[in-house]
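Peer 1: Attaching a predicted model along with its sequence, questions to come.
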Amino acid sequence: MARYAFVYNVERCNGCFSCFLACKDEFTGNCHRPTGAATAEGINLLKVNEVEYGTGSKVKVDYVHSICQQCANPACMAKYPDQVYKRADGIVIIDPEKAKGNKNLVNACPYGAIVWNEEAQLPQKCTMCAHMLDAGEKVTRCSECCPNQAVIFGDLEDPNSDISKYVAEYADELEQLHPEYGTGPAHYYRRLPKPFICGEVVCADTDACCAGAKVTCTCIECGKVIETVTDFLGDFEVRGLPTNKFFKVKIEAEGYKTAELEVRTMAAVNLGEIFLDKA
Amino acid sequence: MEKVFTNLTTGGPISVYVEDGKITRIRPLQVPEEEYPKPWTIEDRTGKKYSPPKAMRISQNILTERNRLYSDNRILYPMKRVDWDPKGNRNPQNRGKSGYERISWDEAATLIADEINRVSTVDKNGKRDGHAITAITSSHHNWGVVGYKMAPFGRFFGMLNYTPILDNPDSWEGWMWGAPHMYGFYWRLGQPEQFDLLPDAFKNTDMIVFWSNDPDSTHGIYSGQESNIWRVWLKEMGMKCVFVDPFYNYTNAVMDGTWFAPRPGTDTALAAGIIYTWFEDDTYDHDYVERKTIGIDKFRAYIMGEEDGIPKTPEWAAEKTGIPARRIRALAKEWASKRVALAGGVRGGEGSACRTAYGTEEARMLIALAAMQGFGKPGVSIWGTTMGAPADYTWFPGYAEPDSQMGKTPAATHKLANAGDVKQRLYRLTFPDAIINGEDAFIGEGFCGKSIEQQFVKHEYPIEGRVKLFWRYGGSFFGTMTDTNKWAKMYQNDGPYALECVINQDCWFGGEAKYADIILPACTNLERNDMGEWSVGGGYTTHAEIGNNWRVLVREQKCVEPLGESKSDYEIFTLVAEKLGLKDLYTEGKDENQWAEEIWNLSEISKRCSWEEFNEKGYYIIPVPEDYEPHPAFRWYYEDRDCDTEDYLNPKIKAEKNMNTRIPTEHSKELGTWSGKLEFESQSLLGLSPDDDERPPVPHYIPSWEGHETDLYKKYPLQIISPHPRFSFHTHYDHHASWLNEVPVHRVVKDGYAYWPARINPKDAAERNIQNGDLIELYNDRGSVVCIAVVTYRVPVGVMHSYGCSAKYDPVLPVPGATDKGGCVNILTSGRMLSKNAPGMAPNSCLIECRKWEG
């Protein structure tokens, strides 16, 4: 059988919200029974969260899709087995007839992916456009519209599908949201926003940008070492760091005294200008 | 029963799903995979090959077409202002205040025809003197060769012999009024050609400097999101990207580029500081400069300070721009050591920085940056990153192409758009002043695409006589022009030159509609028949299809009946023409389908795909020729060859639009400047305005007339920029497509009201006790606007950002100068032109203060 899933490539997503608007277009006022019911204005089955982090001139903007994770062991189904079912292709469906009036279903999802349609008295969530797949389509509305191919849809069980190939190729860089919930989410995310350390290295004697300086970030707690080199502006950044860890940042440039700083990774650490004294 | 129709929009081709006469869904044009022709393939320097996906990447706002079409803001019936009495008191002072009553189409058309007849005369030969009638469109009310403004509007008003209002080039002012004096291309309105720069960049470019350019937001204008994937590929191949913009823009964010944020209005100083370093280090392309340019000595004298005693060092530039000198110097050195594509605007030359005081100097200084490093050399270009894909260049009519406008086309017996002989002109930017004062004087022809000299044509108003009837067509100007309170003042003016009759024809109630005496409901292009090519306007931007991965011609099918009593623009003008006894002349007996078919048949494409086939299928995709050979823009110039690009309007190659003939002349190797070379010292400016110290022959940094070096800065210490928007287009989609209000942060809904966002740096916000999500009042001596605060590091200290294009104008009191809650930040911008001889608008030179809004 199939196991439909999405990969969200955060690195490629530019926050155009095409997926979000396509989803609205598919469901607002459009009934797709038996798999889905119409939504109304203000009800979004897919949310895209803009995450802005960093300070000063070193800013990052990323987008994270918040959506039903089509779990293998859905918490919603465990709690309301008569109202939620899982199809053979892995898509989890809230039965729009049986779940009518059950606002508690909204709280059953640890991912917060179920929304309440007050007017229709319905708990609703992403159906992966099951009605389209059932009609023979190969895409969901959101994946169809993505100009950056940041939303990849397909069948994880089919080794030849684009998504399976992608998951195989980038296995090291993929994550799932909150695996600790134990519900077995289907979707993968590549390069979720993580803390970063950045700075601008300056030669104190000449006030010139210090290009080519070696920057070594060492995690004081786990010993992990990440190296990088400053660019032509003396800028460096180290991305994808764990949250709330202490790091030692060592900056070495030929002919200059080595600088060492200690930082704690919260959202992002902009060390600003770091002046290296002549050796 | 579901039916699927095809249609075309400003942001791409769509399939429209209809059930029981109602649109249910809008998807990118659905083309079965096997129907796509063979795609183009380009290669990077490692030999890796790239081909576009078999999909149509439309703009995101297009996905709201259904939402917008059924918007509560649709104008559904003809209406008349209750206290406008054409036989008695017209009460102009009540425009924007009093209500409306529904009237029939017959009443509306009769009223208008009577007004037209009242203010104009017809001589015994049937020739009308319509000088008292004036009219203007906004951009992109609709898409389609038959229905776009040039067609029904141009034909109708040409027939009436009216007083035209000239458009200003509102997206690329500095390039229009500056660039032709340096490198020609006046036939492209100052924008550089972009042919084949995509494969060139992949193969040869080392670094891209995006200068005041956010292509992921502005979409190559009409190319939807087709070019996004190119930039994704560039990023993934490791292309170094630098972004120069006071706003950390969306393309910067996704490309993860290095951000340079000059103070608004100081881009020219930053460029001068870079160029100083090149002179100092002697790291510019001497061979090119000697062979292909003139005036370098004068330019050098300015940059090095021999002219004015001020060397334009990085330290000098640092003081102006707020960017540390070492970073300017490092950028200059890196630039000189690499092959750099300068992305100076979405189609090469545009961007908010050219819409500042002395924006001509910004455009020219960017051209100088490219020229000093061998502009035209492989990898060295001015390339907006949104155009330059391989394409078949067979001509197909675009809306701005004279041959495809129903007023001028060979398909028409009577070329009515050419019929007028009224000499007087009005200018969009000064139109309200001309009405209020009863007179105006300005220079230039707005879009000066015929010659450099056209920029100096003098206009005076009135010549034949003052205008009395104003017909406004399309979206609101409150959000897009400058100092826009003056539009409200003009409408309510009851002085001696008051407008006697104002007609507004639009699909939606935008900010301006309720200032009319008669409101006419137009339908959208989903409710009428038409045809067109994706992204191709024709006219001054020849072959804009190179912004797309696929050349797509679409039969625009009427998907549903027009809502309410709305009608197509062509039908509206036909109705009024009928009351004037001019219906047969106006229509020549043709309906929209007949015009479409006849214009289709003008193109050679009709030999490959018949009208019948096209009509049946709904689209036709033109394949790229198998033997396609790239001819990159400007390469011919660099290599001293005759121009070999498809730039058929280039007068020096004497080409036809199908490029079937191309007659080389002794000038075919030249640029369109007076000397034929790239001019650091402009010969046309020397010749035509030698004493102009605001656009001198050599490009200069000139402190803004409203910037950080003026006295006003003490009173209003925040500089606001208002670039083109990300989630809407001109004043379209915003306000009418309510779904967009849920996109963060197109608008932000607070207490049930969708406010327009304004971005402010955390330090500036803290000093004013402003929190994210607070309502804030932006104000200066010109007016005040309520926005919702977005506190962010994406703007530096001292700078605010708020897109200029709110469709909603919602003054708290119906009088000019009242605080607007709709978000028209252009109420705050100055009406002053770029400079005394460069009549473009400069909304990004604007000083304000802001404070919490307590209501």
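Peer 2: Cool, got the structure.
Peer 1: Can you spell out the domain ranges of the chain, please?
Peer 2: Since you didn't name a chain, this refers to chain A. Domains of chain A are assigned by automatic domain parsing as A:4-190, A:196-276.
Peer 1: was after chain B, sorry
Peer 2: B:2-72+B:526-564+B:603-622, B:79-171+B:399-521, B:184-388, B:712-852.
Peer 1: Export those domains to a markdown table and append columns for mean pLDDT, mean neighbour count and distance to chain A.
Peer 2: C-beta: built from backbone N, CA, C; applies to glycine. Formatted as a markdown table, the domains of chain B follow (pLDDT from 0 to 100; neighbours: other Cβ atoms under 10 Å in any protein chain shown; distance: least, Cβ to the nearest Cβ, whole Å):
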| stretch | mean pLDDT | mean neighbour count | distance to chain A |
| --- | --- | --- | --- |
| domain B:2-72+B:526-564+B:603-622 | 97 | 20 | 4 |
| domain B:79-171+B:399-521 | 96 | 20 | 17 |
| domain B:184-388 | 97 | 24 | 3 |
| domain B:712-852 | 97 | 22 | 5 |
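Peer 1: And the residue of chain B most remote from its centre, how far from residue B:133?
Peer 2: Most distant residue from the mean C-alpha position of chain B: residue B:124, 42.1 Å away (Cα atoms, centre = their mean). Distance, residue B:124 to residue B:133, by Cβ to Cβ, to the nearest Å: 20 Å.
Peer 1: And for residue B:474?
Peer 2: Between residue B:474 and residue B:133 the computed distance is 17 Å (Cβ to Cβ).
Peer 1: For residue B:580, which non-adjacent residue is closest in space?
Peer 2: Setting aside the residues directly before and after it, residue B:580 is nearest to residue B:113 in space (Cβ to Cβ, 6 or more residues apart in numbering or on different chains), at 5.0 Å.
Peer 1: same deal with residue B:423?
Peer 2: residue B:463 (5.1 Å).
Peer 1: helix, strand or coil for that neighbour?
Peer 2: coil (DSSP: H, G, I helix; E, B strand; the rest coil).
Peer 1: any idea how far it lies from residue B:425?
Peer 2: With distances taken as Cβ to Cβ, residue B:463 is found 9 Å from residue B:425.
Peer 1: which residues are in contact with both of those two?
Peer 2: By Cβ atoms under 8 Å, 6 or more residues apart in numbering or on different chains, residue B:463 and residue B:425 have no common neighbours.
Peer 1: what helix or strand is the closest residue to residue B:538 other than its chain neighbours on?
Peer 2: Nearest residue to residue B:538, sequence neighbours excluded (Cβ to Cβ, 6+ apart): residue B:398, at 2.4 Å. Under the criterion DSSP states H and E, no helix or strand holds residue B:398.
Peer 1: Could you do residue B:268 as well?
Peer 2: For residue B:268, the element it lies in under DSSP H and E is helix B:267-281.
Peer 1: How about the contacts made by the residue lying closest to residue B:21 once chain neighbours are set aside?
Peer 2: Leaving aside its chain neighbours, residue B:21 sits nearest to residue B:560 (5.8 Å; criterion: Cβ to Cβ, 6+ apart). Contact partners of residue B:560, counting by Cβ under 8 Å, 6+ apart, are B:18, B:21, B:22, B:23, B:69, B:526, B:527.
Peer 1: go on, residue B:608?
Peer 2: B:620, B:622.
Peer 1: same thing but 10 Å
Peer 2: Each residue near residue B:608 by Cβ atoms under 10 Å, 6 or more residues apart in numbering or on different chains is listed here: B:392, B:394, B:614, B:620, B:622, B:623.
Peer 1: want to throw those into TSV with distance to residue B:794?
Peer 2: Below are those laid out as TSV (distance: Cβ to Cβ, whole Å):
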residue	distance to residue B:794
B:392	41
B:394	43
B:614	46
B:620	42
B:622	40
B:623	42
